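Trainee: only geometry, no sequence info:
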């Protein structure tokens, strides 16, 4: 089942899966509207921070696509809609990620392992979670024999408790 999300100020709409909204963006105002009124046929958004670009990214994510590049315009929509995952795509750091050319290839490359460490160092914990979710390993062949991974040690040393918890999860 879908719900139509309408941006009246732009005269645009998106038909989004209710199940995906509830599972992928469970704390968003869109999800809250569905929780309050599960049979609602449409949700109208009039806030100026919510743009077609933001709704296009959300719709693409629900289809399994990630944006090709970051867009700083997503920050205000992420905050208003309460969709913190949009902040990932607003960060210029996102453009540095080495993405597989062929679907199914791994994200676990030396470059992305370095980015994982930089994400920890700079407190970009949303980026850290994203890289881990894409299969980037915090354990490289050079530290496999070690009892503690380099990224975990780094999180401890710079007192990034959230990164430490993410890595342990």
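Mentor: Perfect, thanks for sending it. Not measured: the values here are computed from a predicted model.
Trainee: in which helix or strand would I find residue 135?
Mentor: If you go by DSSP states H and E, residue 135 is not part of any helix or strand.
Trainee: Model confidence for residue 154, exactly?
Mentor: As predicted, residue 154 sits at a pLDDT of 78.
Trainee: Now do the helix or strand it falls within: which elements does it pack against?
Mentor: Element membership for residue 154, per DSSP H and E: helix 150-157. If contacts are counted by 3 or more C-beta pairs under 8 Å, 6 or more residues apart in numbering; DSSP states H and E, helix 150-157 sits against helix 110-121, helix 161-168. Using the backbone N, CA and C atoms, a C-beta is placed for each residue, glycine as well.
Trainee: deepest of those helices, which one?
Mentor: Sort these by mean neighbour count, taking mean count of other C-beta atoms under 10 Å, and helix 110-121 sits at the top with a mean of 20.
Trainee: tell me the angle it makes with helix 161-168.
Mentor: 140 degrees (axes from the mean of the first three to the mean of the last three C-alpha atoms, to 10 degrees).
Trainee: picking that back up, least confident of the helices and strands packed on helix 150-157, on average?
Mentor: Among the helices and strands packed on helix 150-157, helix 161-168 scores lowest, at a mean of 79.
Trainee: Identify the residues contacting it?
Mentor: 119-120, 123, 125, 128-129, 132, 138, 149, 151-152, 155-156 (C-beta atoms under 8 Å, 6 or more residues apart in numbering).
Trainee: nearest to residue 65, of these?
Mentor: Within the contacts of helix 161-168, the smallest distance to residue 65 is 18.7 Å, found for residue 129 (C-beta to C-beta).
Trainee: got the buried residues for whichever strand or helix holds residue 35?
Mentor: Secondary structure assigned from DSSP H and E places residue 35 in helix 29-36. Within helix 29-36, the residues scored as buried using 16 or more other C-beta atoms under 10 Å are 29-31, 33-34.
Trainee: could you dump those to CSV with pLDDT and distance to residue 104?
Mentor: As requested, the buried residues of helix 29-36 are arranged in CSV below (pLDDT from 0 to 100; distance: C-beta to C-beta, whole Å):
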residue, pLDDT, distance to residue 104
29, 96, 35
30, 97, 31
31, 97, 30
33, 96, 36
34, 96, 33
